[in-house]
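>>> Here is a sequence together with a model predicted from it:
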Amino acid sequence: MARLCEICHREKAVLKRPKTLQSICRPCFYQVFETEIHHTITKNRLFQPGDRVAIGASGGKDSTVLAYVLKTLNERYQYGLHLFLLSIDEGITGYRDDSLETVKRNQLQYDLPLKIVSYEELYAWTMDAIVREVGLKNNCTFCGVFRRQALDRGAMLLGATHIVTGHNADDIAETVLMNLLRGDVARLQRCTEIATPGEDGCVPRSKPFKYTYEKEIVMYAYFKKLDYFSTECIYSPNAYRGYARAFLKDLESIRPSSIIDIIHSGEAFQVRRGVKMPTQGFCSRCGYISSNPLCKACVLLEGLNRGLPKLGVSRAGLQQLDPQLGPAADPNSPPTTAAKEYPSSSDPSAAAAVRTGKSLDW
Ligand SMILES: Nc1ncnc2c1ncn2[C@@H]1O[C@H](COP(=O)(O)OP(=O)(O)OP(=O)(O)O)[C@@H](O)[C@H]1O
């Protein structure tokens with residue numbers, strides 16, 4: 001006899017839920033998946049009625065499901081949000097141009113306004129051009145730093161009061177592991193935050209999928225037949241995060257709760273009093289939030305525009321560009337005590353972080 005759904009006890013079970021290993025039916029899966037996200041949103045008070053929310057839309061599974069679910073929940077529970085799709089075109093031929101076609105279809109499918117902002121218009125550089133200059137090894141540093149700012153700038157153009165991204169529970173657990181492995185206590189403390197406030201010229205951001213498992217996002221997209229783009233970035237070697245990901249997948253196969261457990265460990269982590277932390281200020285050139293006199297994007301751009309792209313990612317180069325930065329750690333070696341105690345957005349440990357394709361804060 002066919003097994004019955006462990007939730008409703010009426011329908012036939014057609015899937016095993018990755019998060020809990022329960023055998024359940026499709027309608028119950030949709031119900032628990034969507035309701036958990038709704039609870040995450042309401043419990044953490046992510047939005048206010050009337051908010052103009054820019055959904056960081058890459059065309060990939062996470063942000064596509066995020067757009068679909070947010071639209072569904074906004075209508076079902078009357079959040080009163082104005083939703084927009086915001087895409088950053090990094091200028092990666094054969095990758096982003098194709099994924100943007102998916103976002104353009106999503107715009108029609110979900111009836112949401114779309115804004116596309118490109119690196120070329122913001123920085124006068126595409127990632128294709130940057131990779132020609134710097135090669136494959138360090139290019140993710142540029143892409144990660146530029147994207148963070150580009151999302152803010154695009155959101156401001158939309159008059160958005162909030163940005164959401166599709167970072168999921170697996171992404172966050174990986175980031176906790178990576179910050180732990182690097183001894184980066186400042187990021188370890190903040191990388192599990194579900195939301196960052198909109199201070200100092202940044203638009204508030206949040207991650208409604210903080211507790212949502214990647215496998216469930218893929219399952220949801222599959223059953224709902226959502227239209228998404230599934231190719232990996234052609235420039236992303238993703239080495240360091242790849243190891244953390246493989247380790248996490250192994251742990252998950254033995255104990256599915258490992259993902260949430262690691263996030264909980266990160267949430268409980270507190271830096272002891274007296275440990276020096278970076279002080280937040282503003283970039284003297286572009287005014288963007290920075291804990292150094294020049295923000296990371298300006299440092300990287302300066303290197304590119306001087307024809308010395310490695311300046312922004314090497315230790316000697318950073319000091320040459322901005323002597324006030326002081327001694328900094330080599331991104332390829334373990335953090336020194338100073339790097340551990342003074343991690344900052346423009347030290348090379350940040351470069352090492354984003355070299356993996358995802359920021360270690362996000
Ligand atoms: N080019 C982009 N434009 C807009 N938002 C982006 C872009 N790239 C990434 N994001 C946002 O950052 C989140 C995490 O991006 P990441 O590159 O880690 O991709 P991912 O985990 O594969 O997510 P996705 O499946 O949505 O591509 C995405 O879910 C999306 O919200």
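The structure has been received and is ready for your questions.
>>> in the stretch 101-250 of the chain, what residue is nearest the ligand?
Gly166 (2.6 Å; Cβ to the nearest ligand atom). Placement of C-beta: from N, CA and C, glycine included.
>>> Quick check, that residue in contact with Gly56.
Yes. Taking Cβ atoms under 8 Å as the definition, Gly166 is a contact partner of Gly56 at 6.9 Å.
>>> residues shared between the contacts of those two?
Ser63 (Cβ atoms under 8 Å, 6 or more residues apart in numbering).
>>> Would you mind pulling the contact partners of stretch 7-23?
Residues from elsewhere that reach stretch 7-23 (Cβ under 8 Å, 6+ apart): 2-6, 24-29, 31-32, 213, 215-216, 219, 252, 256, 260.
>>> on that earlier part again, please name the residues that touch the residue of the stretch 101-250 of the chain closest to the ligand.
Residues near Gly166 by Cβ under 8 Å, 6+ apart: 56, 58, 60-66, 207, 209, 217.
>>> and of those, the nearest to the ligand?
Nearest to the ligand among these: Gly60, at 2.1 Å, using Cβ to the nearest ligand atom.
>>> The closest one contacts Phe229, correct?
Yes. Counting by Cβ under 8 Å, Gly60 touches Phe229, with 6.0 Å between them.
>>> For those two, list the residues in contact with both.
Contacts common to Gly60 and Phe229, judged by Cβ under 8 Å, 6+ apart, are Ser99.
>>> coming back round to it: now that you've got the contacts of stretch 7-23, can you turn the buried subset into something I can paste into PyMOL?
Of the contacts of stretch 7-23, the buried ones go into a single PyMOL selection, burial set by 16 or more other Cβ atoms under 10 Å:
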select buried, resi 5+6+24+25+26+28+29+32+213+215+216+219+252+256+260
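>>> Among the contacts of stretch 7-23, which lie within strands?
Of those, the ones assigned to strands by DSSP state E are Ile24.
>>> mind listing which of the contacts of stretch 7-23 are in helices?
With helices taken from DSSP state H, the overlap with the contacts of stretch 7-23 comprises 26-29, 31-32, 215-216, 219, 252, 260.
>>> Redo those as JSON lines? Include distance to the ligand.
Formatted as JSON lines, those follow (distance: Cβ to the nearest ligand atom, whole Å):
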{"residue": "Arg26", "distance to the ligand": "22"}
{"residue": "Pro27", "distance to the ligand": "25"}
{"residue": "Cys28", "distance to the ligand": "25"}
{"residue": "Phe29", "distance to the ligand": "19"}
{"residue": "Gln31", "distance to the ligand": "23"}
{"residue": "Val32", "distance to the ligand": "21"}
{"residue": "Lys215", "distance to the ligand": "13"}
{"residue": "Glu216", "distance to the ligand": "13"}
{"residue": "Met219", "distance to the ligand": "14"}
{"residue": "Glu252", "distance to the ligand": "16"}
{"residue": "Ile260", "distance to the ligand": "18"}
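>>> Farthest-apart pair in those, please.
Farthest pair in these (Cβ to Cβ) is Pro27 and Glu252. Separation: 25.4 Å.
>>> Nearest residue to the residue of the stretch 101-250 of the chain closest to the ligand in space, please, no chain neighbours.
Leaving aside its sequence neighbours, Gly166 sits nearest to Asp62 (Cβ to Cβ, 6 or more residues apart in numbering; 3.0 Å).
>>> Make sure that neighbour is indeed in a strand.
No. Counting by DSSP: H, G, I helix; E, B strand; the rest coil, Asp62 is not part of a strand but helix.
>>> what residues are up against it?
With Cβ under 8 Å, 6+ apart as the criterion, the residues that contact Asp62 are 166-168, 209, 214, 217.
>>> How far does stretch 46-54 sit from its chain's centre?
19 Å (Cα atoms, centre = their mean, to the nearest Å).
>>> Looking at that stretch now, give me its mean pLDDT.
Average pLDDT, stretch 46-54: 98.
>>> Ok, stretch 80-95 next?
On average, stretch 80-95 scores 97.
>>> Same check on stretch 122-132?
The pLDDT scores in stretch 122-132 average 95.
>>> contacting residues around it?
So stretch 122-132 is contacted by 90-93, 96, 118-120, 139, 142-143, 146, 149-150, 153, 235, 297, 301, 304, 309 (Cβ under 8 Å, 6+ apart).
>>> one step back: restrict the contacts of Gly166 to those near the ligand?
Within the set of those, contact with the ligand (Cβ under 6 Å from any ligand atom) is found for 56, 58, 60-63.
>>> residues of stretch 107-115 that come out buried?
Of the residues in stretch 107-115, 107, 110, 112, 114-115 count as buried by neighbour count, 16+ other Cβ under 10 Å.
>>> among these, which two are most distant?
Tyr110 and Lys115 (14.4 Å).
>>> coming back round to it: check what pLDDT the residue nearest to Gly166 gets.
98.
>>> The one 5 residues further on too?
At Ala67, the pLDDT value in this model is 98.
>>> Any figure for the gap between the residue found closest to it once you drop the neighbours it is linked to in the chain and the ligand?
The shortest distance from Ala67 to any residue other than its chain neighbours is 5.0 Å, reached at Ile55 (Cβ to Cβ, 6+ apart). Remark: distance between Ile55 and the ligand (Cβ to the nearest ligand atom, to the nearest Å) = 7 Å.
>>> Checking Ile55 next. Helix, strand or coil?
Look at Ile55: counting by three-state DSSP, its state is strand.
>>> which ones are touching it?
So Ile55 contacts 63, 66-67, 70, 83-86, 112, 164 (Cβ under 8 Å, 6+ apart).
>>> before we move on, what about Gln48?
With contact taken as Cβ under 8 Å, 6+ apart, Gln48 is in contact with Thr161.
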